[in-house]
Structure formats: C-alpha cells, structure tokens
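Asker: I'll drop the sequence and a predicted model, then ask my questions.
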Amino acid sequence: MASNNQEYSVELEIVNFFEQTSATRSECDASAKRLVGGDVVPVAVQGVCSYTVYAGQNQEFVVQFRLKSLAMNLETVTLARKIYGSLVPEVSFHGQLGGETDANGKEPVYVYAMTRIPGISQLDFVLSQNVPENSPEWFIWRNSLLTDMARFFALSWKHSQAVSPVYLDASRSKCERELRLLLGSLPARFNPIIKRSLDSIPAIFSLPMVLLHKDFGDCNIIVDSVSCHLVGVIDWAEAEIGPFGLNLHSIQSFMGKFHLKNGWIRYDDYNILQEIFWSVFRREVGGLSSDIIQVIHSARIVGLLLSKGFTSRLANMPQPEPIQDNESGAYNMLYLDIGDNVSDTRLDMAHVQMRMQDVVTTQVHPTIAINSKLLPSMVVPSIKHTRDMPSNITWVYLGVSLIILNTLYVIERKFTILIRRDGGYELSTRIWNSSSVSIEDSTLAIASWFYECCTNHAHIDDRRRQSRPRRLLSVGLDEKPMRLVLSDTIANTTQYATLTYCWGQSLQLKSTKDSIKEFQEAVPAELLPATYREFIQIVRALAIPYVWIDALCIIQDDNDDWQHEAARMGDIFQGSVLTIAAAQSLDTSEGCFPITEQVDPNYGALLRVRQQQTEKPVILARIYKGDLRHSSIQDSIISGRGWTLQEQLLSPRIVYCMKNDVHWQCQTCYKTQTGLEFDAVEVFALNLQILAPFANSTEEENRQSHADLWRRIVENYSRRKFTYKTDKVPAIAGITKYMASMLNDTPIIGLWKRTFGRDLAWTAFQQRNRHEIAERTGLPSWTWLGYHGKFSYILWATDKPDVRQIQHNELLDWDIKWTGVDNASAVQRARIRIKGPVRDIPLSTFDEGQESALPYLNAFGESIDYKGKTSIPWRCSGVLDDGTRIKPSTYFCMLLWSYRQKPDRIDEVFLIMESVDNSNISTFRRIGLGRIWGPERTFDINNEMSISLV
C-alpha cells in the first residue's frame, strides 16, 4: 500500500481496483467472511493492486485479494518472518476468485489471509496527534521509531542471502541499465549524482545481498498507538533480494516532510535522528568501517533514484518511464532534489570541519550540568544550506546539535561559515584579514552598492514622497558651513540621508530652543559625536547634500515640534535616499564602527586551512554564530530599540555598519562587505527588514497575507525597548500609516477594522515562576499597545493552511479621541462596541497544567486524569494579560474565532473579561485570552451580546 499526496477516497480506490478484476466486491467480502468469520471492514488505505479487509470475530485477521499478475511470493513472506519474527504477519494462500483474464484485461484475484499485527499504521498515528510536529512529544516518538528502525535494518544486514552469480549479474545489469535510462531522461541537474551512482555500482554490489522491503512507508509501518514503537511491517508482496541499503532512503520521510511549494522540510530533530539511527545500527551489527558506511550511503542514493525516478515500479507493468520535471512529476522530483550532491562546498567543509571544533565548542559546550552533575555529550553537525556567491565566497549554513548522552536533552545551535578558495593571503578585500572594518574601505563598498542601486534598480524613483522633515542638515557640499536648513527652502527633489542609532548615555549635541538659531548658521563640527561625524563622512563621499539626524533636526525641548516631527517619522525615513544604521554602537561616542577589546560572540573567527595537496590554494573560512542573514541584524543593539523598527522597515535603502562587516539592504538585494548576496525577499522572510517589496499589491487575495505581516511586525515590536513607554504609539505610527494603505483598512489603536476580532487574539507571554503585572499607560485594555512585554498572535492559531478560521464577532462602532495627531499621540478616550457569542465559563488552575508555556486550565470543573507529559487530558488553556495565575472563578467570555482541525474536534478562541464597576452593566475590560476545544461547540453562536470594551 502507498499513501497519496492528493485528496484520498477509499471508496473510489476500491471501485478502481474492481475495474481491473473479474471478481466482484461482494464475492471477496463473502470469501473473507467464510475464511475467518466476523464482520468485513475495508482497511482505511487501499493499495492500487489489491483489496484488503479486516475480518474475524474481533477483526483480528487481514484478508487480501491481489491481482493474479501481482501474486504474493509466499517464500518471500516466509523468509521475512524468519528474519524479523513477530514484526511480520503469518500469511496463508486460499485460492483464486474470478475467471481467467478476459479480452478486456480483467484478471482473477488470489486470496491471502494473515494475522493482524496489533497497532496502527504510522500514517494513522500521525493523523491522530494534535501536537506540533516539532514538539517534545514528537521528538520522543520519532526517537523511539528511528531506534526501532535501526534495529530492523540491522537484522536485515545480519541475515545476508546467498544468491547465484546469474542472479547477481542480472540484478547489477538491471540497476545499471535503469540508471543509464535516468541519465538520459532526467533534468541535467541530476547528471552528476547519477554518474557517481554508476561509478559506485561495483562497491554497492559487494555489500551483503539481503531481503529488501520495496514500500517501507507510513502505510506499511505498524506502530504502537501510544509510544510509536515499531511493532510490525506489512505488505511484503514486492520485496526482493538486493544489495543492502537500496531501500534506506525510505527512512528520510520519517525525519521530515515534503511541501510541493517549499520542498523538503526537515524536522528540528533531523540531525539527532540521523545520529540515533546510525549509532544504533552500527552497534547492533557489531561496528562498521567508515568506508562501508559510505558505500551504504551510495546504495541509499541509488535506491532513491530507482524508486522515485520512474512513474511506476509495479512488477506487472511494462518498462516504467522516467518522471519529468513538470507538475505531474513534482512530488517525486522533490525526493530526487534532496540527493546528496558532493560539491566543492562539501569538500571544502570537510577540510574546515577538521579545524573548527575549537570554535564550535566555545559556543556549544561539550558537557552540561544537570542536578550539579556534568554529563558527557556528542556534537552532531549538519549542513543545512549552501550557496556559491558571485564574489567567489561560499556561504554555508550549518546546524550543530549537542546531544546530552543518556538523556533527552538536546541543545541546538546554528552557525554560518563563509569560505574563500581563491587567494591564500592575497585577498580582494582587507576585511577578511581584520577583526574590524576600515571606514575608508566600507565607504568604498557602500558607494559601489549605492551607485549600482541608483543606476540599475527601479524601485526608488517611483516612490511617492508624501512629506518631508521640517529641517535638514546641510553637510557642506556647497562649501558653506554645516548648518540646519528649513526643507521648504530647498527643492523638493533634493536627496537626503537618515541616521538610525542609539542615543545612549553620552552627552548629546542636540538642538534646543536656545541653540536652534545658532545651528541654522553653523553646527560646530568639532562638537559632533563620533557616530554623527562618521555618518556625515560617508554621506559626503556619496555626494548626498543633506542628512536628517533626529537630535539635531528636531527641537528637543519643544513639545509641539517634537509631536509634529514624530508623527511624520515614517515619512521621513521613507523619503530618505539612504539610511545609515550604527547597528552595534551603544551610544554616539562609539561611532558607526565601534572598536572594542571585548570578544564579540557573533564575530566570525578566521581559520586558514591548507589542503593536503599543496598546489591547491589555502581555504579561508569565517565561522559566525547563528544565521548571518538573521543574527547580524536582529541580534544587533539597534534592533532592540522600539523607534528603530519603522526606521528599518520603511527606509528604501539601509546600510548596517558593524564592528567587523557592513551589510546593505534595498528592495532588490541584500549584500555584505564580506561577499554575500541574497535576494531581498529571502532576507525579509527572516528579518522583517524593508516593507516596500510587499506593498505593490492590495488585491483581496493578498489582504490576509498583509494582515499576517502586520501581526509579525507588531510581535517583533513588542520585544523592543523604550526609554519612555509613552513613545510606544508614535514609534509605530509610520508603519501603521504604511500598512493602512497596504490593507486598505482603518487602524484602531494597533488593531484593524476589518479583522478586529482576529486582532484581539494577542497572547501575553507568561513567565514561569515570575508574575509581573504589566504597566499600562492609559490605553484601553483590548490593545496590545497597552501591554508592555512580549506577546504573540500565533500561539492560538492553527498552522494548517487548509483549515478555515471563522471570525464570530462584529465591530459595531468605536469612539477614539486622540490628544494630538491620530495614531501618533496619547489617547484621551477609547471605547469600542463589539457583538459576538458570550457565555460564563468556570475556570481554575492546577500545578500540572502550569508547566506549559500556555497554562492548561480546568474548565467547568471537569475531572482531570493526568497521566504524564505525552498524554494531555485537558481541553482548555489560557493566560491573563497581567501574568498572574487564574483564580478559581466564573469568567465572562466572548468567542472571537474558531476552527475545526478534525471532524471530531473544534477549537474556540475566546476573550476573558471582567465587568467595569459602573452603572453600565454591558461595559467590560479585557483581562486575558483562552482557548477551549472538544467534539462540540462550547459557545452557542446564536447567544450573542453587544458589549462595550474599554
């Protein structure tokens, strides 16, 4: 049997099968009942070439009806049972049903009865779970399954089968013939791996000849319904004798999954599972040399090609055709695209890894203290992505798993490795040989990117400059003193650059009511702090005549001027021709490129590795902690500030100046001085860096993705710090204005008119063993802007794209009064009226439920049977916004939205509220959020009420 990635209908599959045979379904059902008695029930997933049913008084037997041309070889099944024991069912043959093959090709079926192995298929196990695929529960289950699979394959290795020279030659010839057929038929990108596979055939056929299960997939793997331990392997009809390892590719699907759009997706514990499988396998077979393991890996690749490279592998069909690189072959192409191509990058990595252990172990310590005891560990590296850059730099994204032996503790770390192969010590850029950057070298790099962008990228000139700052600072290109000028006195097309930075604790040079007139004449260059001075030096080199620095261009002690400019901050950065970010400077005294004697944990340690062949160039490698596309920006000092988010997102071009590198981001590309280059959209998916590439479309079908983008933005925003909490509203006003255009929607203090009910479902992060009440600043209870701490939208959502989420409430009206500019000043009054299903829900907590990040709750006083962390008996979870523990009480709740993941389960997300103590009984305050699930609705969707929220 085989699973299908299309929508599956068991009845349709059965109908299709009986179109191939002269036997009828009723005859088969009667035969099964006659053989073993009891009711006859078709299995949930049917094979293409068979009809299979459960039967017997307790459904303890399986009866299968197979096409005669695909008859089961009982000798093979007997051999399998001899090798694997109780993992293989006993099978007996019971004759034929139907007449002989007629003119229409309809053939009879052979009847087989077999014992039913207790348990469920791996596919059914997956479908029965409702925990995320990268949860601790799934790690334990996959750990158990891969351990058992390693023992299963070890049994195969230890039971080699004697074959005749004729059989061996025929098998080898068939393998070579089919590989050559694929070589001439598959897309050219597979040619190198097919050629290497052909070269490895002699070594592969020197491995033990063993019994190979040819459909070792999730339908034919039987597991324990609770522990996921392997208890059986069924459907041996297509098994055959061949070199060990040809079916090992099948374990890949238990360590990851395929997505037709995104390709192969590894589970988070992929590297650990690989290590577990091979460690157990080696131990069970008594140890194998690395050379033998390499040949087994080659056999695995050959098996993958032969299994997935053809449209069909059924034994009774003509010579199968190779798949094509098109829509119909897309799924199998994904399998082939994960083939282990051994590129120059991997060869270089082999050399680099010999030298990188010291660097890695400083970040991933080889021991860990548990209960004050140091435990041994094992480091497992794995290359996740590689790419050769136009600059002759190779980028390698490496995962490292630290497995604490004899425990389930695993520590994951990520590293980026940059490799140069072309120069020894004579490099095209001095940055590779230095622990810091030169402002002169960096300015040259910035200038080349800037001019290329202005010349070749068409994304800036068409931008609408909605408004300009009130003042700009002239940098003196006109040979006049550096001074402040009013924007309305210069041409509207005049370019200016902006600076984003941290003020810090150092004394600022800033404009005040007393100094503004003086600065309009001249700003004393000798008083400029290092960050301003280096920023202006770069800008002058780019021939940009004006700059905007908030401390100088806003009168800091004039509240009206500050309010006016703060409300337009988004437009200021959006209209800038270039933004320079002093990304790692704590304050303005450090400059744009801070120099420190302290070791930067993210700094790329430089290794020089000479290869064994002395004529080959020295490999130079820099090893960075984390994903360089993400960590260099998101872990920088500037990305922790609240104000800088809109400065980063709205600037059309931004340069990040750091201690040992410079990063360029525009709407087209992302580049670094060390030689990396990525597409802007790819980096945006990691960093939320520049919005403009996503603002070109406002069609209805894109509205949801834009709404999700907003939620990602504000989740990021909630992790940032503010010197003044009152800045939280104006510091996102520019993004709010920008997103209003993208969404074609009306903002309501951080939420949106069209999706108000969905936007209400933000979840405050509760810190374990620490309950801090969030401080509010006069904002209404229902907006995340009034919550000072991290929050998330995704914790209550389903990650399944095919599950429809239904909003159950309606925003009736709202009354918002601002003290100044809308969405950029303090809130004077805020009240909304909303209508939706309501009810009282008795809630209480208990110690076991508090262990989860989102505490589980006892709802309606239901009896709880807690059996351990892999069995979750609760059906409700929730958290209060102030971080305190929910007290036993009855809470008034409103249903926000719901979704049904399974036919027997519906999830409902609801607001937890308390009545406001005044004469209006329909006025409430939000105090938290919850979710409840079960086979039936908890809320009566017809029991609606209109309430006011404040």
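Answerer: That came in fine, so what should we check first?
Asker: I figured W710 hits W752, correct?
Answerer: Yes. Taking contacts as C-beta atoms under 8 Å, W710 lies within contact range of W752: 7.4 Å. Backbone N, C-alpha and C define where each C-beta goes, glycine included.
Asker: of those two, who's got more company?
Answerer: When W710 and W752 are compared for neighbours, W710 comes out ahead with 23 against 20, by other C-beta atoms under 10 Å.
Asker: three-state assignment of that one?
Answerer: Each residue gets one of three states, and W710 gets helix by DSSP: H, G, I helix; E, B strand; the rest coil.
Asker: Not counting its neighbours along the chain, what's nearest it?
Answerer: In space, W710 comes closest to M739 once its chain neighbours are excluded; the distance is 5.3 Å by C-beta to C-beta, 6 or more residues apart in numbering.
Asker: SS state for that neighbour?
Answerer: M739 falls in the helix class when you classify it by three-state DSSP.
Asker: Return the residues in contact with it.
Answerer: M739 makes contacts with H706, L709, W710, I713, P747, as judged by C-beta atoms under 8 Å, 6 or more residues apart in numbering.
Asker: re the thing from before, so what sits against both of W710 and W752?
Answerer: Here W710 and W752 have L743 as joint contacts, going by C-beta under 8 Å, 6+ apart.
Asker: Show the contacting residues for Q520.
Answerer: Q520 makes contacts with R483, L484, V485, as judged by C-beta under 8 Å, 6+ apart.
Asker: any chance of those in CSV, plus distance to N809 and pLDDT?
Answerer: Rendered in CSV, the data for these read as follows (distance: C-beta to C-beta, whole Å; pLDDT from 0 to 100):
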residue, distance to N809, pLDDT
R483, 56, 96
L484, 51, 96
V485, 51, 96
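Asker: most surrounded residue in those?
Answerer: In terms of neighbour count, L484 stands highest of the contacts of Q520 at 23 neighbours, by other C-beta under 10 Å.
Asker: and the gap between that residue and D558?
Answerer: If you measure L484 against D558 using C-beta to C-beta, to the nearest Å, the figure is 14 Å.
Asker: S382 too?
Answerer: Using C-beta to C-beta, one obtains 57 Å as the distance from S382 to D558.
Asker: now swap in D847 and tell me
Answerer: Here D847 is placed at a distance of 55 Å from D558 (C-beta to C-beta).
Asker: Would you check that F18 makes contact with D29?
Answerer: No. In this structure F18 lies outside contact range of D29 using C-beta under 8 Å: 11.4 Å.
Asker: Once you drop chain neighbours, what's closest to Y270?
Answerer: Nearest residue to Y270 in three dimensions, chain neighbours excluded: M255, at 5.0 Å (C-beta to C-beta, 6+ apart).
Asker: ditto for R900
Answerer: What sits nearest to R900 in space, not counting adjacent residues and going by C-beta to C-beta, 6+ apart, is I906, at 4.7 Å.
Asker: about what we covered before: more neighbours, D847 and D558?
Answerer: Under the criterion of other C-beta under 10 Å, the comparison of D847 against D558 puts D558 first, with 15 against 7.
Asker: Surely the more buried one and K510 touch.
Answerer: No. Counting by C-beta under 8 Å, no contact exists between D558 and K510, whose distance comes to 11.5 Å.
Asker: which residues do those two both contact?
Answerer: The overlap between the contact sets of D558 and K510 (C-beta under 8 Å, 6+ apart) is empty.
Asker: pLDDT value on A685, please?
Answerer: At A685, the predicted lDDT confidence score is 63.
Asker: Show me the strands paired with the helix or strand harbouring L896, marking each as parallel or antiparallel.
Answerer: Following DSSP states H and E, one finds L896 within strand 889-902. When pairing is defined by DSSP bridges, strand 889-902 lines up against strand 805-807 (antiparallel), strand 827-844 (antiparallel), strand 905-915 (antiparallel).
Asker: Remind me which helix or strand the most centrally placed residue in the chain belongs to.
Answerer: Centroid-nearest residue in the chain: I265, 8.6 Å away (criterion: C-alpha atoms, centre = their mean). With the criterion set as DSSP H and E, the secondary-structure element containing I265 is strand 263-266.
Asker: now swap in L306 and tell me
Answerer: Assigned by DSSP H and E, L306 belongs to helix 290-308.
Asker: Now that helix: buried residues?
Answerer: Of the residues in helix 290-308, those scored as buried under the neighbour-count criterion (16 or more other C-beta atoms under 10 Å) are 292, 295-296, 298-308.
Asker: okay if I get the residues you listed as a markdown table plus distance to G575?
Answerer: Compiled in a markdown table, the buried residues of helix 290-308 are given as follows (distance: C-beta to C-beta, whole Å):
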| residue | distance to G575 |
| --- | --- |
| I292 | 65 |
| V295 | 63 |
| I296 | 61 |
| S298 | 58 |
| A299 | 61 |
| R300 | 56 |
| I301 | 54 |
| V302 | 59 |
| G303 | 59 |
| L304 | 54 |
| L305 | 55 |
| L306 | 60 |
| S307 | 57 |
| K308 | 53 |
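Asker: Any chance you could give me the strand holding L896 in PDB, C-alpha atoms only?
Answerer: C-alpha atoms of strand 889-902 as PDB (Å, rounded to 0.1, in the frame of the first residue of the first chain):
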ATOM      1  CA  SER A 889     -14.000  31.700  39.400                       C
ATOM      2  CA  THR A 890     -16.600  32.000  36.700                       C
ATOM      3  CA  TYR A 891     -15.400  34.300  34.000                       C
ATOM      4  CA  PHE A 892     -17.500  36.200  31.400                       C
ATOM      5  CA  CYS A 893     -16.100  35.300  27.900                       C
ATOM      6  CA  MET A 894     -16.700  36.200  24.300                       C
ATOM      7  CA  LEU A 895     -16.000  33.900  21.400                       C
ATOM      8  CA  LEU A 896     -13.600  35.600  18.900                       C
ATOM      9  CA  TRP A 897     -13.000  32.900  16.300                       C
ATOM     10  CA  SER A 898     -13.000  29.100  15.800                       C
ATOM     11  CA  TYR A 899     -11.600  26.400  13.500                       C
ATOM     12  CA  ARG A 900     -12.100  22.700  13.000                       C
ATOM     13  CA  GLN A 901      -8.900  20.700  12.500                       C
ATOM     14  CA  LYS A 902     -10.600  17.300  12.700                       C
END
